[in-house]
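[1] got a predicted model here, sequence first, then my questions.
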Amino acid sequence: MGDIDSGNILKDMQVFYPVNLPEREQEIAVSGESEVTTFASTMPQCLTDKGVILGN
């Protein structure tokens, strides 16, 4: 498999790194919602483009 386009995917994955979490609980509750949404909607197409067959 070739390299995955790092345009937004790697940037959006940074939300999973604990060091990037906000300190306040109220902010943690909604932290990363847009990044996770983008990542989840982009990843299947990216993998398919690279030849990965996704199951249902």
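    That came through fine. What you are looking at is a predicted structure, and each value in this text was computed from that prediction instead of being measured.
[2] for the residue lying farthest from the centre of the chain, phi and psi?
    Distance to the chain centre peaks in the chain at residue 24, reaching 22.1 Å (criterion: CA atoms, centre = their mean). The phi/psi pair for residue 24 (degrees, to the nearest 10) reads phi -90, psi 140.
[3] cool, and residue 33?
    Torsion angles, degrees, to the nearest 10, at residue 33: phi -60, psi -50.
[4] next one: residue 18
    In terms of degrees, to the nearest 10, the main-chain angles of residue 18 are phi -60, psi -30.
[5] residue 21 now?
    The phi/psi pair for residue 21 (degrees, to the nearest 10) is phi -70, psi 140.
[6] strands of the protein, start to end?
    Assigned by DSSP state E, the strands in the chain number zero.
[7] spatially central residue in it, please.
    Taking CA atoms, centre = their mean, the chain has its central residue at residue 39, 3.2 Å away.
[8] tell me if I'm right that that residue and residue 13 touch.
    Yes: assessed by CB atoms under 8 Å, residue 39 is found in contact with residue 13 at 6.3 Å. For every residue, glycine as well, the C-beta is placed using N, CA and C.
[9] where does the protein have low pLDDT?
    Across the chain, the ranges flagged by pLDDT under 70 are 1-9, 12, 56.
[10] repeat that with 80
    Counting by pLDDT under 80, the chain shows low-confidence ranges at 1-16, 20, 28, 32, 35-43, 46-47, 54-56.
[11] what about the helices in it?
    For the chain, the helices defined by DSSP state H cover 9-13, 25-30, 33-49.
[12] which one of these lies closest to residue 55?
    helix 33-49 (11.1 Å; CB to CB).
[13] mind putting the helices of the chain in a markdown table, distance to residue 19 included?
    Below are the helices of the chain laid out as a markdown table (distance: least, CB to CB, whole Å):
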| stretch | distance to residue 19 |
| --- | --- |
| helix 9-13 | 13 |
| helix 25-30 | 13 |
| helix 33-49 | 15 |
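[14] lovely, talk soon.
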